[in-house]
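Trainee: let's see this in three dimensions:
(chains A, B, C and D)
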Protein chains: 4
Amino acid sequence: MSFSFGKNFRISIFGQSHSKEIGVVIDGLKAGYRINYSLIKENLMRRRPGKNSISSPRKENDEFEIVSGEVDGISCEAPLCIKIKNKDQKSSDYDNIIDRPRPSHADYPAFIKYNSHNDIRGGGSFSGRMTAPLVIAGSIAEDILREKNIRIFSRIKSIKDIEDKKLEYKDLELESLEYLKKKDFPVIDDDAGDEMIKLIEEYREKKDSLGGLVEVFVLGMPVGVGEPFFDSLESVIAKGVFSIPSVKGLEFGEGFNSAKMTGSTHNDPYIVKNGRVITKTNHHGGIIGGLSTSMPIYYTVAIKPTSSIGIIQDTISLKNLSNEKLLIEGRHDPCIVPRALVAIEMISAICILDLLMEFEK
Amino acid sequence: MSFSFGKNFRISIFGQSHSKEIGVVIDGLKAGYRINYSLIKENLMRRRPGKNSISSPRKENDEFEIVSGEVDGISCEAPLCIKIKNKDQKSSDYDNIIDRPRPSHADYPAFIKYNSHNDIRGGGSFSGRMTAPLVIAGSIAEDILREKNIRIFSRIKSIKDIEDKKLEYKDLELESLEYLKKKDFPVIDDDAGDEMIKLIEEYREKKDSLGGLVEVFVLGMPVGVGEPFFDSLESVIAKGVFSIPSVKGLEFGEGFNSAKMTGSTHNDPYIVKNGRVITKTNHHGGIIGGLSTSMPIYYTVAIKPTSSIGIIQDTISLKNLSNEKLLIEGRHDPCIVPRALVAIEMISAICILDLLMEFEK
Amino acid sequence: MSFSFGKNFRISIFGQSHSKEIGVVIDGLKAGYRINYSLIKENLMRRRPGKNSISSPRKENDEFEIVSGEVDGISCEAPLCIKIKNKDQKSSDYDNIIDRPRPSHADYPAFIKYNSHNDIRGGGSFSGRMTAPLVIAGSIAEDILREKNIRIFSRIKSIKDIEDKKLEYKDLELESLEYLKKKDFPVIDDDAGDEMIKLIEEYREKKDSLGGLVEVFVLGMPVGVGEPFFDSLESVIAKGVFSIPSVKGLEFGEGFNSAKMTGSTHNDPYIVKNGRVITKTNHHGGIIGGLSTSMPIYYTVAIKPTSSIGIIQDTISLKNLSNEKLLIEGRHDPCIVPRALVAIEMISAICILDLLMEFEK
Amino acid sequence: MSFSFGKNFRISIFGQSHSKEIGVVIDGLKAGYRINYSLIKENLMRRRPGKNSISSPRKENDEFEIVSGEVDGISCEAPLCIKIKNKDQKSSDYDNIIDRPRPSHADYPAFIKYNSHNDIRGGGSFSGRMTAPLVIAGSIAEDILREKNIRIFSRIKSIKDIEDKKLEYKDLELESLEYLKKKDFPVIDDDAGDEMIKLIEEYREKKDSLGGLVEVFVLGMPVGVGEPFFDSLESVIAKGVFSIPSVKGLEFGEGFNSAKMTGSTHNDPYIVKNGRVITKTNHHGGIIGGLSTSMPIYYTVAIKPTSSIGIIQDTISLKNLSNEKLLIEGRHDPCIVPRALVAIEMISAICILDLLMEFEK
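Mentor: Numbers count the residues shown, from 1 in each chain, chains lettered A, B, ... in the order given. From the prediction side, this is the model:
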């Protein structure tokens, strides 16, 4: 296991879907930081299931408590420990899956790896529930970055084949993206968003599920953040983002499209504008050589369709090594993209802050 | 800076494009390992420029020397240090770029980050030259994995719009991919390969450059390798792969395509076949929940077109903060994909071995 | 701050003297370990204040709760988080010391380092209270080591000038030391122990305090544990032991006495006895070249007298930078040695297990 | 193995006594640092054997070469790699010890640990030779600290029973210790020094060896350096110091003597003097609660007598598991203290700088 992350802003998360508590210990925060409780609350609210027709109706307790590391809401010399109590949940929904691994869930490899000692209730620590402590830690990172005028936004770029608006990535401005934080379904083009929601509802009816793309923007970065060779900005973000359950792809700037371009069309010429060095275009996505260039950073994350579906699937019996059928009961998100978005945004804040702290040394 | 990688098989690389020596220190290798010199040599040869019409005619010295950590070719209790001497190279090619950062190279952010103290000769430590020590360390990792019947292969999946053959990812077999290691231009469909080569030659003539996709296969993995939450198999590979210069995208299994699929089509049902648990399909790419499933692992890496092109480009003068023109002289790869492929394969071997050592604890 | 320790058995402690909760997150424990609740309880009991005439009459809550990482008492794939709730404690005892740093406490350097944001209640995270989570983690380490027949014992070697019995360090046996765990005041010679207790009581009356020496024994180690150069057995134990508040010295084997010996008297000749390689003498203390030799390991730890005393002391006002007097109120241990012993034993178990896991890779 | 050290100023050493090269890679140095070649040379000279009657007449090559990480003597963005070529040395001196482990050397535990694959020539990586790269890295750390007016000195405090002058540890001043760096045999009282030298020569004649104490002073530290809980100033220095071969004990401030003191005599009252907060006495040795107090730091290190002596010793045959005699041929230091002192001073510089970089974040 490896539940710790970061070199400067170091987090250790703990918990499982059905453990008594889940939480995070943050080591490396400076003493004297005033904790922004309402930002934590807002981000937990954004991540929360059960808030609308396209997320799981399952209710989760998201009331967090800070049990160490602060005095009167200001960080002290000790690590912050912030936790959420898990509600008592019926384990019965999961009883029949002990022996029958759910396709595309971690059940089977975890059963083998942990010699059957993995917590199977709700997916144990493989559960999306584990992103709640990440959201807490990420909110603190986001708040600290905000004080330095570094902002992280994200949008749903597509659901299945329906795409949100195309953007000019060299012209992104703080103000123009701020409202994404307030939206339940954060897209730029609301018509596209409505179509996406309709499609998700349609697949929920079919008891099937959908995937999609999330795009992240980081604005306000100074030049030179990132620690090549191995802690390049891309490397650190990639390590963080691929920790989020359901992520299957990541591209920076033009990404996969750059593979089809030529040097003469992909290269971004430098120009001086109002005394500031910028690039004419921003195919590079704000990162060159693993370092920030001060142009807007953008990257896209591919999320697979939710693995839990309400349709009978083929699987095996682990005990009998026989082929079997499985119907997963319970309440599931027909599309995890809107909730994964928050986790991706938050781990991004953690990655960026960690490298920024190294940069500022 | 951060030139170290790995928790169990720990490497520290050193050097710059024009430093006296470049090399790697490997800490964590067991005493008693017989060093496979010829595999290191072969992989360095595969990575080497100047070997054909589609790579830079620049010659590099690739003769390595092991200066510590072994007795009579067998690893001892001390770290291996393996180095390559850099040939004396004319620095003159780079004289005019001191002041004029090359578009899409690290010149500009590095100049700012290091307060003008970065080594500008040949790109300093941002040079692709730094992948030579990675290839050395990766060859040792590859050799150790091979003893455990774990093999890593890779192919050029596409150059610009030309694609290599489609594959059935559930049926990949060791034997069928072995020959990729021997090929100068490792594709499965040689006709497609010939077309790609022709296209690269065409762009070399135009003094322009091309990008492409590399696909990596890992075969023979046991079930359960990977350390969630933050050292999932995908996270660790992603951190490694995004350290390689020019990489802009990475997807595992169906990757970006999975975002367009539905749960019912993307999920991979388990079946028992000849007493072994496999999945009917392999959309997941051999990794679920950050753990290997024993199905073939495959992932695709997007490589941008070489940033150095022989066409006049816009840039700035760092001294005068004025807009200027730049013509990059010198010899460059019109397409770095065939050489980046080796670096990606080698860092993959390092990542896999590092997690396997954790797994075997 | 840096509240994490270990490479394989990784612990992160959290809390302060007066935070809501204190605890530890353990990352790296294998799934399937049955938690030994009673050993944790016993060790917490051994460490606890208020149990006799020579410790602080202050009561602490030591009831621990495991909130994640287990199912039915058996470790799963997630980190263990174990916590203790702090009782509501009057902060009033500490009110007058906000401005007047207590001599030989961390108050003054912490005030400067944390820019006055350190938690001054009860010494914050500099409190001996922080050793309670260490005892929890150490108990788990001790339990795992015990299954491998590696045992760690410790005794009070001296209080002020009164010394416990001299030992032959080459002949230590498991059985002969087992009873030390059961003793409130763990010495070998009870007459010496009684004298020590009398002396402590005497100094408690005087409102003064005493220091002493703790000796640790590690028996049953295989040959070769330790990872030179920098993670030698001595280096890792030293890092752990010097983290414990009040520790000011550490010596292995003959230690400081070895500096007065000659090679011919200090060297320990090897002999074969009953087919097993041992040394005739054990001046080296079971460790040579940073590696265990399988001879009994022993080391001695110097503990300074408790800094909190009931006598008026000179100090300053931080606000006025004026010279002032200070009388520390409250209940304090006249001698912390018997309680520090448990923390030292427990951090030793953590260090040994961490290196043993590396050894067993 | 674990040949890396440090979190901010990160070093990886490589080599063995008889490997082709030994050296160090330094990762974390800021670009723009002008390398102080003469300080490296001076410190290597201080450490070097063969310079007088009381050290081994063995000659070592100490000419270092910087092979990466700098341009024209100024550090760049890449790690510094600095190496020393080992001279061809006769291995024959060691031929008879392959099978007969030398008492109190690492031969036996290393043979078992590395399954006979340890490099036995000259002690392999357990050789004091490995402190040469440490001296190189430490010289760079010392130089950087010097720019911040932090100085590290050390003296021989005793050889066997002969002691150097007693000091008042609260009154140490930079100027008064500077000359220790220039001395071949760094004591404060030269008469005591002459006696020590005579004693060492006497034991050299007897083919026996001696140990002694080294004392280190760190002056000019700001208040608050150190990262409790686990990276306290004492913990980090202890980890570093116990990595140096032959070290068997370490005490800070009054150290072992504090165990015999009372709170009222050991506590150091604060006073304001010339507007600066100091302590009246300095029993604490400049560190409280793991943090620097700005008072002079001092600590004492116990060095065992050189294990290689010219007297016949008892040992075993590893092959036959029989009891045997051994006479170690070759040239050895009759007392390693004067040379170990330099290594201890240099690793101290590395530890202090590493924590200072954390402090300055």
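
Trainee: hmm, who's touching stretch A:273-280?
Mentor: A:170, A:268-272, A:293-295, B:103, B:108, B:314, B:316, B:321 (Cβ atoms under 8 Å, 6 or more residues apart in numbering or on different chains). Glycine gets a C-beta too; all of them are placed from N, C-alpha and C.

Trainee: swap in 6 Å and give it another go.
Mentor: Residues outside stretch A:273-280 that contact it (Cβ atoms under 6 Å, 6 or more residues apart in numbering or on different chains): A:268, A:269, A:270, A:271, A:295.

Trainee: can you give me the end-to-end span of that stretch?
Mentor: Terminal residues of stretch A:273-280 lie 10 Å apart, using Cα to Cα, to the nearest Å.

Trainee: state the mean pLDDT of it.
Mentor: The pLDDT scores in stretch A:273-280 average 95.

Trainee: ditto for stretch A:58-74
Mentor: pLDDT averaged over stretch A:58-74 gives 91.

Trainee: give the buried residues for it.
Mentor: For stretch A:58-74, a neighbour-count test (16 or more other Cβ atoms under 10 Å in any protein chain shown) marks A:60, A:62, A:64, A:66, A:67, A:68, A:69, A:70, A:71 as buried.

Trainee: pretty sure the fifth one contacts residue A:81?
Mentor: Yes. Look at residue A:67 against residue A:81 with Cβ atoms under 6 Å: they come within range, at 5.0 Å.

Trainee: what's opposite residue A:231 in the beta bridge?
Mentor: residue A:227 (DSSP bridges).

Trainee: restrict the buried residues of stretch A:58-74 to contacts with chain C.
Mentor: Subset of the buried residues of stretch A:58-74 in contact with chain C: A:67, A:68, A:71, counting by Cβ under 6 Å from any Cβ of the partner chain.

Trainee: for the stretch 1-150 of chain A, list the residues in contact with chain C, please.
Mentor: Selection of the stretch 1-150 of chain A residues close to chain C by Cβ under 6 Å from any Cβ yields A:1, A:3, A:12, A:14-16, A:19-21, A:25, A:27, A:31-32, A:67-68, A:71, A:76-79, A:81, A:114-115, A:117-119, A:124-125.

Trainee: of those residues, just the buried ones, ChimeraX syntax please.
Mentor: What follows is the ChimeraX syntax selecting those of these that are buried according to 16+ other Cβ under 10 Å:
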select /A:1,3,12,14,15,16,19,20,21,25,27,31,67,68,71,76,77,78,79,81,114,117,118,119,124,125
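
Trainee: which members of the residues of the stretch 1-150 of chain A next to chain C are positioned in strands?
Mentor: Applying DSSP state E to those, the entries found in strands are A:12, A:14, A:21, A:25, A:27, A:67, A:68, A:71, A:81.

Trainee: separation between residue A:68 and residue A:109?
Mentor: 35 Å (Cβ to Cβ, to the nearest Å).

Trainee: in strands only, show me the contacts of stretch A:273-280.
Mentor: A:270, A:271.

Trainee: quick check, nearest of the contacts of stretch A:273-280 to residue B:341?
Mentor: Each of those was scored against residue B:341 by Cβ to Cβ, and residue A:268 proved nearest at 24.9 Å.

Trainee: contacts only, for the closest one.
Mentor: Contacts of residue A:268 (Cβ under 6 Å, 6+ apart): A:279, A:281, A:283, A:284, B:103, B:104.

Trainee: how about residue A:238?
Mentor: Residue A:238 touches A:250, B:238, B:239, B:242, counting by Cβ under 6 Å, 6+ apart.

Trainee: which residue, other than its chain neighbours, is closest to it?
Mentor: Nearest residue to residue A:238 in three dimensions, chain neighbours excluded: residue B:238, at 3.7 Å (Cβ to Cβ, 6 or more residues apart in numbering or on different chains).

Trainee: how about the secondary structure of that neighbour?
Mentor: helix (DSSP: H, G, I helix; E, B strand; the rest coil).

Trainee: now the one 10 residues further on
Mentor: State at residue B:248, reduced to three classes by three-state DSSP: strand.

Trainee: please report how far it lies from residue A:163.
Mentor: Taking Cβ to Cβ, one finds residue B:248 at 20 Å from residue A:163.

Trainee: more neighbours, the two?
Mentor: residue B:248 (27 against 17; other Cβ atoms under 10 Å in any protein chain shown).

Trainee: list the buried residues of the helix or strand of chain A with the lowest mean pLDDT.
Mentor: In chain A, no helix or strand scores lower on mean pLDDT, DSSP states H and E than helix A:174-178, which sits at a mean of 84. Under the neighbour-count criterion of 16+ other Cβ under 10 Å, helix A:174-178 has residue A:177 buried.

Trainee: and that helix, how far out from the chain's middle?
Mentor: 20 Å (Cα atoms, centre = their mean, to the nearest Å).

Trainee: who touches it?
Mentor: Residues contacting helix A:174-178 (Cβ under 6 Å, 6+ apart): A:151, A:153, A:219.

Trainee: change it to 7 Å
Mentor: A:151, A:153, A:217, A:219, A:220 (Cβ atoms under 7 Å, 6 or more residues apart in numbering or on different chains).

Trainee: send the alpha carbons of the next helix or strand along the chain from it over as CSV?
Mentor: Downstream of helix A:174-178, the first helix or strand assigned by DSSP states H and E is helix A:190-205. Extracted in CSV, the C-alpha atoms of helix A:190-205 (Å, rounded to 0.1, in the frame of the first residue of the first chain):
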residue,chain,number,x,y,z
ASP,A,190,-25.0,25.0,-21.3
ASP,A,191,-26.8,23.6,-24.3
ALA,A,192,-24.2,21.0,-24.7
GLY,A,193,-24.4,20.4,-20.9
ASP,A,194,-28.1,19.9,-21.1
GLU,A,195,-27.6,17.3,-23.9
MET,A,196,-25.0,15.5,-21.8
ILE,A,197,-27.4,15.4,-18.8
LYS,A,198,-30.1,14.0,-20.9
LEU,A,199,-27.9,11.3,-22.2
ILE,A,200,-26.7,10.4,-18.7
GLU,A,201,-30.4,10.1,-17.6
GLU,A,202,-31.1,8.0,-20.6
TYR,A,203,-28.3,5.6,-19.7
ARG,A,204,-29.3,5.6,-16.1
GLU,A,205,-32.7,4.3,-17.3
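
Trainee: filter the contacts of helix A:174-178 to the buried ones?
Mentor: The buried subset of the contacts of helix A:174-178 (16+ other Cβ under 10 Å) comprises A:151, A:153, A:217, A:219.

Trainee: could I get those residues as TSV with distance to residue D:305?
Mentor: Formatted as TSV, the buried ones among the contacts of helix A:174-178 follow (distance: Cβ to Cβ, whole Å):
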residue	distance to residue D:305
A:151	64
A:153	66
A:217	66
A:219	64
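
Trainee: closest one of the residues you listed to chain D?
Mentor: If you rank the buried ones among the contacts of helix A:174-178 by distance to chain D using Cβ to the nearest Cβ, residue A:151 comes first, at 22.8 Å.

Trainee: is it true that that closest one touches residue A:220?
Mentor: Yes. Here residue A:151 reaches residue A:220: they are 5.7 Å apart, a contact under Cβ atoms under 7 Å.

Trainee: strands along the stretch 251-361 of chain A, start to end?
Mentor: A:270-273, A:276-279, A:287-288, A:291-292, A:297-303, A:313-317, A:322-326 (DSSP state E, counting those that start in this stretch).
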